[in-house]
Each structure stands twice: as structure tokens, then as C-alpha cells.
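**Student:** Sharing a model prediction with you, sequence too.
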Amino acid sequence: TAYLKCHYPHQYMAALMTSVLGNLPKLSEYIAECSRYGIRVLSPDINESRETYSVVEVGGKRAIRFGLLGIKNVGKNFLEEVTSERRSGKFTSFENFVSRMSGRALNKRQVESLIKSGAFDSLGTKRSQLLSEYERIIDIYLKKERNRSDGQLDLFSIGNFGAEDDYPETDYTYPDLPELSTKERLYQEKESRGMYF
């Protein structure tokens, strides 16, 4: 282990943190050790995080990306579907994520935890906006998915037979809200991940 820690410190620490995924005190200890060695531990990202901690390259430097299984209320089956769907391409927006995942094991509690953890930050919508609208957006796409599976058509589908997507994504208009304060974001990160980032 000393050899691995010396020659492959990022991989070693990622594996070590994965091994104590459910143990927050130990996990915090290892993250603090990463900091002492100058290894950055990045917050979760819906397009880059794996289920467990992983080594990524950001700006030509290696770092460890927070594993999505470390987020409360987020299950393994759901994450397997997320990573499977990601093979078709990265999620381009929150609506794109919901649209692509609505036919799968998507539930509001998991999505709320992902928002609070910062997993959607890279998609360009403020956490405050996502938290105010995520339930409505999920309901829209779940209804569309139900109608599609029931074989129902809505007024906008008529004359659009054979289209690749009967329910194309629309640009959702979010309310103009200020971003949450740093204190609120930190509190939500602690609530959803068990620690601040």
C-alpha cells in the first residue's frame, strides 16, 4: 500500500474513499488527507461522476471526483441507469436529464438530493431555480412518458407521426431567482453529502 500511495496517490485515495463510502468520519479523514497531499476532491457532477470515487483530469491535472453513491437518497439502480444513459451522450441541461431519465427509475427525492449536492451545477442553471422548479419539470416529463407508453397523443403530436421524439425538449423558462447564499449551499451540501465542499 505504501508503494501505491507513493506512485499512484490519486487512484489509491479514490479506492480508499470508496472502501469507506458509508462511514462519514473516515471519509472526512481521507478527504482531509487528500488536501494535505495537494490532491483535489471535486464535488459530484452528473456528467462526470461515477457511482464511486474516481480519478479525473481537469485542466491537465488529476483530481478525484466525488462518487454519486455518496449522496443520500440516491440508489445504486438509479445510478446504473444514469451511467448507462450517459453513454448516449452527456446531459446538456436539467430538462435533458429529466427527459432522458423519465422512462426509468426517476423519483423526486433522488433528484432533490442531486440538486442540493451540486451534481447539476455544471449544466448552467442555478440551484435556487432548480429547487423551485424541479418537481414541475419532472411532472411534465413523467406525464409525457405516461402518454407515450399509453399510446395517447396530445394536440401538438398530431401531424408529427414518425418523428424521432414525439416530445422534443422545450426551453424551460425558470423564474429569475438569485442564487442561494454560500451558507445555504453549504448547508444543503452537508445535508445531501454529509460534508461541505
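**Tutor:** Cool, got the structure.

**Student:** Show the backbone phi and psi for the residue nearest in space to the middle of the chain.
**Tutor:** Here the mean C-alpha position of the chain is nearest to the C-alpha of residue 46 (Cα atoms, centre = their mean), at a distance of 3.2 Å. When read as degrees, to the nearest 10, the backbone of residue 46 gives phi -60, psi -30.

**Student:** That one: what's it in contact with?
**Tutor:** Taking Cβ atoms under 8 Å, 6 or more residues apart in numbering as the definition of contact, the neighbours of residue 46 are 82, 91, 97, 114, 119-120, 122-123. C-beta here means a position set from N, CA and C on the backbone, and glycine is covered the same way.

**Student:** now do residue 26
**Tutor:** Applying Cβ under 8 Å, 6+ apart to residue 26 gives the contacts residue 20.

**Student:** ok, now with 10 Å
**Tutor:** Under the criterion of Cβ atoms under 10 Å, 6 or more residues apart in numbering, the contact list for residue 26 reads 16-17, 19-20.

**Student:** lowest-pLDDT helix or strand in this protein?
**Tutor:** In the chain, the helix or strand scored least confidently by mean pLDDT, DSSP states H and E is helix 127-150, which has a mean of 87.
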